[in-house]
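Participant: what follows is a predicted protein model with its sequence.
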Amino acid sequence: MQTVIQIAKTLGLEIIAEGVEKPSQCLVFKQHGCHHFQGYLFGKPVPADIFESALRDSVSAATEPQPETLS
């Protein structure tokens, strides 16, 4: 793992750790300089249309104006 991460850094590439299922795995990758992950820790696989719909909803929510808080 460390060798692959170091090679990627040397080449100016980023790494995505696949199959991350536990917070402890995520921590180890972070400690070695890998900061992108996928796996059951973050969500179960879903059909593409459901993923795309959730992504659109998330982008819409992030770009909607937020109500100002009263001081």
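Facilitator: Sure, I can see it. Residues are numbered from 1 along each chain as shown.

Participant: what's near enough to touch residue 42?
Facilitator: residue 20 (C-beta atoms under 8 Å, 6 or more residues apart in numbering). (Glycine included, C-beta is placed from N, CA and C.)

Participant: make sure it is indeed in a strand.
Facilitator: No. Membership of residue 42 in a strand is not supported by DSSP: H, G, I helix; E, B strand; the rest coil, which gives coil.

Participant: separation between it and residue 36?
Facilitator: Taken as C-beta to C-beta, to the nearest Å, the spacing of residue 42 relative to residue 36 amounts to 11 Å.

Participant: which stretches in this structure count as helices?
Facilitator: Ranges of helices within the chain are 2-10, 23-31, 48-63, based on DSSP state H.

Participant: any low-confidence regions in this protein?
Facilitator: Applying pLDDT under 70 to the predicted model, the residue ranges of the chain that meet it are 64, 66-67, 69-71.

Participant: before we move on, back to that, let's have the helices of the chain in CSV, adding mean neighbour count and distance to residue 16.
Facilitator: Below are those laid out as CSV (neighbours: other C-beta atoms under 10 Å; distance: least, C-beta to C-beta, whole Å):
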stretch, mean neighbour count, distance to residue 16
helix 2-10, 12, 10
helix 23-31, 13, 10
helix 48-63, 10, 16
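
Participant: would you list those helices in a markdown table and tack on distance to residue 17?
Facilitator: Written out in a markdown table, the entries for these read as follows (distance: least, C-beta to C-beta, whole Å):
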| stretch | distance to residue 17 |
| --- | --- |
| helix 2-10 | 9 |
| helix 23-31 | 5 |
| helix 48-63 | 19 |
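
Participant: which residues touch the closest residue in space to residue 14 that isn't next to it in sequence?
Facilitator: Distances taken as C-beta to C-beta, 6 or more residues apart in numbering place residue 36 nearest to residue 14, at 6.1 Å, with adjacent residues excluded. Residue 36 makes contacts with 14, 15, 16, 17, as judged by C-beta under 8 Å, 6+ apart.

Participant: buried subset of the residues you listed, written for PyMOL?
Facilitator: Selecting the buried subset of the contacts of residue 36 in PyMOL, with 16 or more other C-beta atoms under 10 Å as the burial test, is done by:
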select buried, resi 15+17
